[in-house]
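Student: fold the following, please.
(2 chains)
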There are 2 protein chains.
Amino acid sequence: MTDNSNDAPVAAGPEPAPGSRRSGRPALRPVAEQLARVLDTIGTIAPIELALLDAQGLLLAEEVHADAPLPGFDNAAMDGYAVRAVDLRQATEDHPVVLPVVGDVMAGARSMSGMGPGLCMRIMTGAAIPPGADAVIPLEDTDRGVARVAIHRPIRTGECVRRTGEDLPAGALALGQGAILGPQQIALLAAVGHDRVLVQPRPRVVVISTGSELVDVGRRAGFGEVSDSNSYMLAAAARDAGADAYRVGIIPDDHARLLDVLDSQLLRADVIITSGGVSMGTADIVKEALSQIGTVEFTTVAMQPGSPQGFGTLGHEKTPIFCLPGNPAAALVSFEVFARPAIRKLLGKRTVQRQTVEATALERMESPDGKRQYRRGLLHREPDGRYSVSLIGGHGSHLIAAMAASNCLVVLNEDVTEVSPGSRVTVQPLMLAQR
Amino acid sequence: MTDNSNDAPVAAGPEPAPGSRRSGRPALRPVAEQLARVLDTIGTIAPIELALLDAQGLLLAEEVHADAPLPGFDNAAMDGYAVRAVDLRQATEDHPVVLPVVGDVMAGARSMSGMGPGLCMRIMTGAAIPPGADAVIPLEDTDRGVARVAIHRPIRTGECVRRTGEDLPAGALALGQGAILGPQQIALLAAVGHDRVLVQPRPRVVVISTGSELVDVGRRAGFGEVSDSNSYMLAAAARDAGADAYRVGIIPDDHARLLDVLDSQLLRADVIITSGGVSMGTADIVKEALSQIGTVEFTTVAMQPGSPQGFGTLGHEKTPIFCLPGNPAAALVSFEVFARPAIRKLLGKRTVQRQTVEATALERMESPDGKRQYRRGLLHREPDGRYSVSLIGGHGSHLIAAMAASNCLVVLNEDVTEVSPGSRVTVQPLMLAQR
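Tutor: Modelled structure (predicted):
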């Protein structure tokens, strides 16, 4: 984590005044501009055919039509007796019409034995209406007779009959391109006989942590060493965004090794995400190695945390690569702001950004002028349905416990320097899951 | 789908008047009472240990403490120079203090070479503060010298130093039991060295469709046959609720076969869900077969669609089984109302019900007295953030295309018979995913 992505305390003064003669800093790039560059670079992934249940949650990339009508045949909407409406004209509560029952029609029966005038057949819900019948009288309106049945009311032609094609006529559009495949949509695709569908696949996101100070989780970290938490966090965040994530793990601060790993990962990656090594230190290996390639741009974004950022493309396929800061909070915020929208775009989503909510600030909040600040917060829903938000932990982007206790980011825009308690602020919830 | 779960048109009159002499219907059980029975029966699943990323989205079933402090050692918050604050007392913009640079401290360096008074060392973000130093002056406040560095301001002791244990002291609680493991929580578990955690596992839900009229999706349905869409839909819905779903597929209307399959599936199932065969038809095999066992109760719930329901337990482990109606909309609504909360309870969620929203009815809606009605609807969010809802399709619970076009259920309570346009109604969104 050899980078300088710390969102240092506002009061502690490590920020030089703008124009400071020693700062030597490049002009800061606005968040919106960096995001626009990212999204402009993100292309599309070719649709793939998947088995129906593997397509859950994905976007349909084709139009699906009903080859056959749905339902495929006239069938009973209730358990009862298939009848001719004309035969029941005189039926009343006190003077039922009594008809001979000449057979049973079970659901799934393939025979089409018909039924003459003045007769009826017992029929199950979903079973095909026998030729000669034009309505179904429900069991409840009869004496449930076996050989003969007494029927206590008249019936309209077509009553309790589900008509061929009334759900979808043959050739009709069942689902359009861009439909999200939830349980109901999957039901419809199955109903029209599709066990495979063309969808926008989940982007394959390769996650790499860099830094010689990192050790694998589960190995005891020695003095000066740190457990690699970023690759776990970013893999989880990528999945949460809808990607298939591959955690490659740790690359020490070594040019050749990093370039080798990136080269081999290009084979399977739709997106590569690294963390660490993007600042101006002498061991900021990601920046050093990738700056030379010329297709990855390192810049300082007007945001806190996460200002040093790299983004560009690698390889023949121009695979997008995000080089995120190494501090956990800076990495997560950068992921949320730039990588998550990119993954959502690759999934074909119309809305690539998370929904935000307005919440009442429960405390005073400060933000540096000219930078968009993302503070970790705790969003509460008040009994009246309105939201309120308090801050969690300090500014330090190395504070993982505080980050883990937060459930949202409080977004303080570039022109905001102070928010007084009771004001409304914009909040980006990080988790929709209910407890 | 030989059951009578149709939520038939209100006007068509298949509902006999209460007390009708032929109805022979058992008293209807209120939805709330049936749900309470279900949730009372649902126990817990023993926690299991999973690899960290496999635990994503699950509930932590243990307390996790930090064995070591986090950070594990005092380290630099910025790239800069490790100094003694006392040496910089006289530094000003115009009269910098110049110190010899006696070494570099890289992140991950394990040596602890110290530093005498009047000297400094270059240090990377995250690197251990060398013995003798007590602050880090950021690069920006220096001339970035290599052999000697000019420093232009004084510094406080501890400035730009991340203190050992400031995120979590050794032995502190990192995450409590019941924490949901999102990306940030996974980051914290990794940071404190846990690559495996004890969690509430995803319930294993086995899904079975019954009915001799069903054919596998992809096989052409002949006359009288229907593609099995329910097992796909319910498997997807179970997954969406957080379960691991296993689609067993179709069991024809055959007692022995059904009991055999159930018996073998008990080995892996935490929950079994069947659809079809729960009504009063002569081929309602699920009801016939399971009623005899005595541990599954079939009842008629005061709801529409989905009134005929079976619920109980099977086998030594008392595995819960839901016997849902066969009509797709009835099956989905029954799943939402009874099975989804059960799965959420098994996951350990505090909130087992979906969030509902209040929406303005865009049209007149009718509902039978004494039954809770769940209509398929289309929920819109208006520009002012308020919701409005219209109905999709008719009452017919066989209408799959209409169901697939809906994104919510409009819930009309037992005492509601009519809703006029402009009134507020309760709506249960079926999909949180954004387009």
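
Student: CA atoms for contacts and neighbours, from now on please.
Tutor: Will do.

Student: ranges for the strands of the stretch 301-435 of chain A?
Tutor: Assigned by DSSP state E, counting those that start in this stretch, the stretch 301-435 of chain A shows strands spanning A:303-304, A:308-314, A:319-324, A:357-361, A:365-366, A:372-381, A:387-391, A:408-412, A:418-419, A:424-429.

Student: in a markdown table: those, plus mean neighbour count and distance to B:Val38.
Tutor: Output for the strands of the stretch 301-435 of chain A, formatted as a markdown table (neighbours: other Cα atoms under 10 Å in any protein chain shown; distance: least, Cα to Cα, whole Å):
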| stretch | mean neighbour count | distance to B:Val38 |
| --- | --- | --- |
| strand A:303-304 | 25 | 49 |
| strand A:308-314 | 23 | 52 |
| strand A:319-324 | 26 | 48 |
| strand A:357-361 | 19 | 35 |
| strand A:365-366 | 16 | 47 |
| strand A:372-381 | 23 | 29 |
| strand A:387-391 | 22 | 33 |
| strand A:408-412 | 24 | 34 |
| strand A:418-419 | 15 | 48 |
| strand A:424-429 | 20 | 32 |
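
Student: residue contacts, the residue in the stretch 301-435 of chain A that chain B sits nearest to?
Tutor: Per Cα to the nearest Cα, the residue of the stretch 301-435 of chain A with the smallest distance to chain B is A:Ala404, at 4.7 Å. For A:Ala404, the set of contacting residues under the criterion of Cα atoms under 8 Å, 6 or more residues apart in numbering or on different chains consists of B:Gln184, B:Gln185, B:Ala187, B:Leu188.

Student: what's the answer for A:Arg148, then?
Tutor: Neighbouring residues of A:Arg148 by Cα under 8 Å, 6+ apart: A:Val98, A:Leu99, A:Pro100, A:Val101.

Student: can you pull up the most central residue in chain A?
Tutor: What sits nearest the mean C-alpha location of chain A, by Cα atoms, centre = their mean, is A:Gly242, with 5.0 Å.

Student: Serialize the strands of the stretch 301-435 of chain A to a markdown table and add fields for mean pLDDT and distance to B:Ala85.
Tutor: Rendered in a markdown table, the data for the strands of the stretch 301-435 of chain A read as follows (pLDDT from 0 to 100; distance: least, Cα to Cα, whole Å):
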| stretch | mean pLDDT | distance to B:Ala85 |
| --- | --- | --- |
| strand A:303-304 | 94 | 27 |
| strand A:308-314 | 94 | 28 |
| strand A:319-324 | 96 | 32 |
| strand A:357-361 | 95 | 37 |
| strand A:365-366 | 94 | 27 |
| strand A:372-381 | 94 | 30 |
| strand A:387-391 | 96 | 31 |
| strand A:408-412 | 96 | 33 |
| strand A:418-419 | 96 | 31 |
| strand A:424-429 | 95 | 39 |
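
Student: isn't there a helix covering A:Ser209?
Tutor: No. Applying DSSP: H, G, I helix; E, B strand; the rest coil, one finds A:Ser209 to be strand, outside a helix.

Student: on that earlier part again, tell me which helix or strand the residue nearest to the centre of chain A sits in.
Tutor: Take DSSP states H and E as the rule and A:Gly242 turns out to sit in neither a helix nor a strand.

Student: distance check, it against chain B.
Tutor: Noted for A:Gly242: a distance of 10 Å to chain B, by Cα to the nearest Cα, to the nearest Å.

Student: who are the neighbours in contact with that residue?
Tutor: Applying Cα under 8 Å, 6+ apart, the residues contacting A:Gly242 are A:Arg202, A:Pro203, A:Ile343, A:Arg344, A:Leu347.

Student: for the first one, which non-adjacent residue is closest in space?
Tutor: The shortest distance from A:Arg202 to any residue that is not its chain neighbour, by Cα to Cα, 6 or more residues apart in numbering or on different chains, is 4.9 Å, and that residue is A:Ala243.

Student: that neighbour contacts A:Val205, correct?
Tutor: Yes. A:Ala243 lies in contact with A:Val205 (Cα atoms under 8 Å); the separation is 6.4 Å.

Student: that older thread, taking the contacts of A:Ala404 one by one, which sit in helices?
Tutor: Secondary-structure check on these using DSSP state H: residues within helices are B:Gln184, B:Gln185, B:Ala187, B:Leu188.

Student: return only those of those residues found close to chain A.
Tutor: With Cα under 8 Å from any Cα of the partner chain as the criterion, the members of the ones in helices among the contacts of A:Ala404 in contact with chain A are B:Gln184, B:Gln185, B:Ala187, B:Leu188.

Student: which ChimeraX command selects the buried ones in the residues you listed?
Tutor: Buried members of those can be picked out in ChimeraX with the line below, counting by 16 or more other Cα atoms under 10 Å in any protein chain shown:
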select /B:184,185,187,188
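
Student: contacts only, for the most far-flung residue of chain A relative to its centre.
Tutor: Largest separation from the mean C-alpha position in chain A: A:His95, at 60.6 Å (Cα atoms, centre = their mean). Residues near A:His95 by Cα under 8 Å, 6+ apart: A:His152.

Student: just the pLDDT at it, thanks.
Tutor: With respect to pLDDT, A:His95 scores 95.

Student: state whether it is indeed within a helix.
Tutor: No. Assessed with three-state DSSP, A:His95 is coil; it does not lie in a helix.

Student: okay, it and A:Leu88: tell me how far apart.
Tutor: Relative to A:Leu88, A:His95 is positioned 11 Å away (criterion: Cα to Cα, to the nearest Å).

Student: by contact count, what packs against the worst-scoring helix or strand of chain A on mean pLDDT?
Tutor: Across the helices and strands of chain A, the lowest-confidence element by mean pLDDT, DSSP states H and E is helix A:285-291, at a mean of 85. In this structure, helix A:285-291 makes packing contacts with helix A:255-265, strand A:296-300, judged by 3 or more Cα pairs under 8 Å, 6 or more residues apart in numbering or on different chains; DSSP states H and E.

Student: how about 10 Å then?
Tutor: Other helices and strands packing on helix A:285-291, by 3 or more Cα pairs under 10 Å, 6 or more residues apart in numbering or on different chains; DSSP states H and E, are helix A:255-265, strand A:296-300, strand A:308-314, strand A:319-324.

Student: show me where pLDDT drops low in the stretch 251-400 of chain A?
Tutor: Scanning the stretch 251-400 of chain A for pLDDT under 70 picks out the ranges A:280-283.

Student: what residues are up against the nearest residue to A:Ile180 once chain neighbours are set aside?
Tutor: Computed as Cα to Cα, 6+ apart, the closest residue to A:Ile180 that is not its neighbour in sequence is A:Leu59, at 4.6 Å. Applying Cα atoms under 10 Å, 6 or more residues apart in numbering or on different chains, one finds that A:Leu59 lies in contact with A:47, A:176-182, A:197-202, A:347-349, B:435.

Student: for B:Ala401, see how far away A:Leu59 is.
Tutor: Counting by Cα to Cα, the gap between A:Leu59 and B:Ala401 amounts to 17 Å.

Student: report the contact partners of A:Ala329.
Tutor: Taking Cα under 10 Å, 6+ apart, we find A:Ala329 in contact with A:5-7, A:230, A:304-306, A:335, A:374-376, A:395-400, A:402-404, B:184, B:187.

Student: can you check A:Pro252 too?
Tutor: In this structure, A:Pro252 makes contact with A:Ser209, A:Thr210, A:Gly211, A:Ser212, A:Glu213, A:Leu214, A:Val215, A:Leu258, A:Ile285, B:Gly108, judged by Cα under 10 Å, 6+ apart.

Student: same question, A:Thr319
Tutor: Applying Cα under 10 Å, 6+ apart to A:Thr319 gives the contacts A:Thr41, A:Ile42, A:Gly43, A:Leu266, A:Leu267, A:Arg268, A:Ala269, A:Asp270, A:Val271, A:Ile272, A:Gly312, A:Thr313.

Student: much appreciated, bye for now.
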